[in-house]
Each structure stands twice: as C-alpha cells, then as structure tokens.
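> no sequence for this one, just the structure:
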C-alpha cells in the first residue's frame, strides 16, 4: 500500500506527498474518524500515512492507516476543553517566533510553548523578531530575555527582515531539519520564511490598529520544502496555548532550572509552592530562578485559563 507524508490539512482533505509518485489529495477513512481519540484532528501535518488510491479518481486516495509518530506537539482545543489539537507531528525542532511589540508576546505564552515542547522532548528555538521596531529600552529588555532563555539551553535569535539582522542564522537553524514555525498572528512568521525562500510567496498580513494584534494569513497548517532535506511547517497564528496531556506533578520536570534540582527538596513529592526545605523556592529567593519563570509555573499548576 502506498505511503506518504501529510503536507497540508484542511480538516477534511489532506495533501499527501509520495516518494516518486504524484502528490495525492486524500480523505480519511470513516473507521479512523470513529476511533476514541481525544483530539480534534486525528491526522496532522507531518504524519506519515498509508493510503489506497481511489479507482477512477485522478490523484485521489483514502487514508487507511496513520503510521506511528516519533513525536508530536499538541495544545488544548480552544473549542473542546477535554480535547487536544495536534499542531504538527514528526518534527526535529519547534521554533517560536516572538515579538516584544507589534504585537506583544507574553512570557507566559513563551513558557507554555517551551513546556509543551519539553514534554515531548522536542528541541525548541526562540526567534525574537522585529528587532528594528524596538527603542533602546525595549531592545535592552529583549537582550535580557534572550540571555535568560539562552542560559536555560534554548537557542535565541534576534531577527529583522527590514535590516537583515539574524537572517543568515535563521536560515542555518532550519538547515537539514523539519521545523515547526509557530507564534501569534502578526509576529512575522511568513515574512521571515519569505526572506530566505522568496519563491514560496507565503501570504503576509498587516497588524490591525486594534490592540496591535495580527490578522490571520495562514488558514491551515502546511509543510513546505525549502530545499532538499529542509522542511518547515507553517501554522495558523496561535492565540492561546493551553497545556494538554500533562499532569500537575510533572510540569516542573519541563522547566530545566527546576529539573536540575530534582531530588534536592526535603519531600520527594514537593510541589515547589509552600513546602519547607524546597530547593526550587530557595533558588527563586536566591535569584537563581527567574521570578517570571516561577510565576508562570504557578499559573500552569493552577490551570490558569489565561494562556495568551
């Protein structure tokens, strides 16, 4: 049975790339839809699938099997709280494009994204975009944030498509990998990709004057090949990022600075909130863990719905 990779998902049809054959447009076999899957999308971009060509239908097929994923990244469904939505599957790294203005990406959103990537052991990269728009004070703050996350093991790039800052490093970061490129609407995902691969002509949008928020230009998740062996998955702008498939006791394991202190607390089941002899609380008080990171940990622990 032929196999392929899902390059684009519209929710009902899937563009499947095959090896040596033509691209196929496939639908999903009904019995897969009826499986008890707690996700709103049983198939995601990046999935490897088996399909059966439809007789008398040119380049059409029916997906009959989803092959095992080696990883995926998921968020809580915005519309169905008990369900997750798979953002992408089988990726080498997750790249979060953030902006400190026009629009602003909150540290809470950044930390939720990093925790989600950590939970599936997916390397994450932060790209601080639109550096040309920052005044001296904001640029200094951006540098502080890059140094904070860099010290935790997350590569950080400062980029601008206007000045060309960091564009060569961005290209090198993507080289030879399958990368999820994500972030809020308006942070410049499509402009960044267009700068290094203008032939893709990804749609770009303007920032609305209301609350400096971006307008959606990507409607469906889609994978593009920048060059042989280098792929990106462009996703619709994420407004909220709720944690999915995660138990409260494990959240601290996905903060590297807390994970490094596992076993140092007095109690083995320490929640790092109020317990005496807590190594994490001591590190926060001693300035070894950033207050913003600890605050966002508490927010996740409490299941705070403010996921922006």
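Structure's in. What do you need? Computed from a predicted model, the values in this text were never measured in an experiment.
> domains for the protein, by residue range?
The record's domain split for the chain, according to automatic domain parsing, is 3-66, 72-234, 248-301.
> nearest to residue 242, of those?
The closest of the domains of the chain to residue 242 is domain 72-234. By CB to CB, the value is 3.0 Å. The C-beta positions use only the backbone N, C-alpha and C, and glycine is treated the same way.
> avg pLDDT for the closest one?
Per-residue pLDDT values across domain 72-234 average out to 86.
> ok, residue 179 - contacts?
For residue 179, the contact set (CB atoms under 8 Å, 6 or more residues apart in numbering) comprises 91, 92, 93, 94, 95, 173, 231, 232, 233.
> swap that for residue 277, sorry
Residue 277 is in contact with 265, 266, 267, counting by CB under 8 Å, 6+ apart.
> same thing but at 6 Å, please
residue 266 (CB atoms under 6 Å, 6 or more residues apart in numbering).
> how close does it sit to residue 289?
Using CB to CB, to the nearest Å, residue 277 is found at 16 Å from residue 289.
> what does residue 130 give?
To residue 289, residue 130 is 28 Å away according to CB to CB.
> any chance of the domains of the chain in a markdown table, plus distance to residue 241?
Output for those, formatted as a markdown table (distance: least, CB to CB, whole Å):
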| stretch | distance to residue 241 |
| --- | --- |
| domain 3-66 | 15 |
| domain 72-234 | 5 |
| domain 248-301 | 10 |
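> residue contacts, residue 160?
131, 132.
> that one should be in a strand, yeah?
No: secondary structure assignment (DSSP: H, G, I helix; E, B strand; the rest coil) places residue 160 in coil, not in a strand.
> numbering from 437 from now on, please.
New numbering, starting at 437: the last item is residue 596.
> so residue 479 is in which element?
Using DSSP states H and E, residue 479 sits within no helix or strand.
> the helices in the stretch 587-736 of the chain, which residues?
Taking DSSP state H, counting those that start in this stretch, the helices of the stretch 587-736 of the chain run over residues 603-610, 625-632, 692-695, 715-721, 727-737.
> tabulate those helices in JSON lines, adding columns for distance to residue 638 and mean neighbour count.
Listed next are those as JSON lines, based on distance: least, CB to CB, whole Å; neighbours: other CB atoms under 10 Å:
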{"stretch": "helix 603-610", "distance to residue 638": "14", "mean neighbour count": "16"}
{"stretch": "helix 625-632", "distance to residue 638": "4", "mean neighbour count": "21"}
{"stretch": "helix 692-695", "distance to residue 638": "32", "mean neighbour count": "16"}
{"stretch": "helix 715-721", "distance to residue 638": "41", "mean neighbour count": "18"}
{"stretch": "helix 727-737", "distance to residue 638": "31", "mean neighbour count": "17"}
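> out of those, nearest to residue 573?
helix 727-737 (17.3 Å).
> what's the closest one packed up against?
Judged by 3 or more CB pairs under 6 Å, 6 or more residues apart in numbering; DSSP states H and E, helix 727-737 is in contact with helix 543-555.
> need the residues that contact the helix it packs on.
Helix 543-555 is contacted by residues 530, 532, 534, 560, 677, 682, 690, 728, 732, 744 when judged by CB under 6 Å, 6+ apart.
> residue 701 - how many residues pack around it?
Residues lying near residue 701 (other CB atoms under 10 Å) number 21.
> swap that for residue 437, sorry
Counted with other CB under 10 Å, residues neighbouring residue 437 total 10.
> swap in residue 704?
Number of residues near residue 704 (other CB under 10 Å) recorded here: 7.
> before we move on, back to that, pull the most distant pair out of the contacts of residue 615.
Taking CB to CB as the measure, the contacts of residue 615 span a maximum distance of 14.4 Å, between 609 and 669.
> just the buried residues of the contacts of helix 543-555.
530, 532, 534, 560, 677, 682, 690, 732 (16 or more other CB atoms under 10 Å).
> reformat the residues you listed as TSV; add distance to residue 479.
Shown next, in TSV, are the buried ones among the contacts of helix 543-555 (distance: CB to CB, whole Å):
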residue	distance to residue 479
530	19
532	23
534	28
560	24
677	21
682	22
690	26
732	32
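> just the residues you listed: which are in strands?
Residues of those located in strands (DSSP state E): 530, 532, 534, 560.
> which one of these is nearest to residue 579?
Using CB to CB, those come closest to residue 579 at residue 534, 13.6 Å.
> wait, what's in contact with that closest one?
Contact analysis of residue 534 by CB under 6 Å, 6+ apart lists 541, 546, 564.
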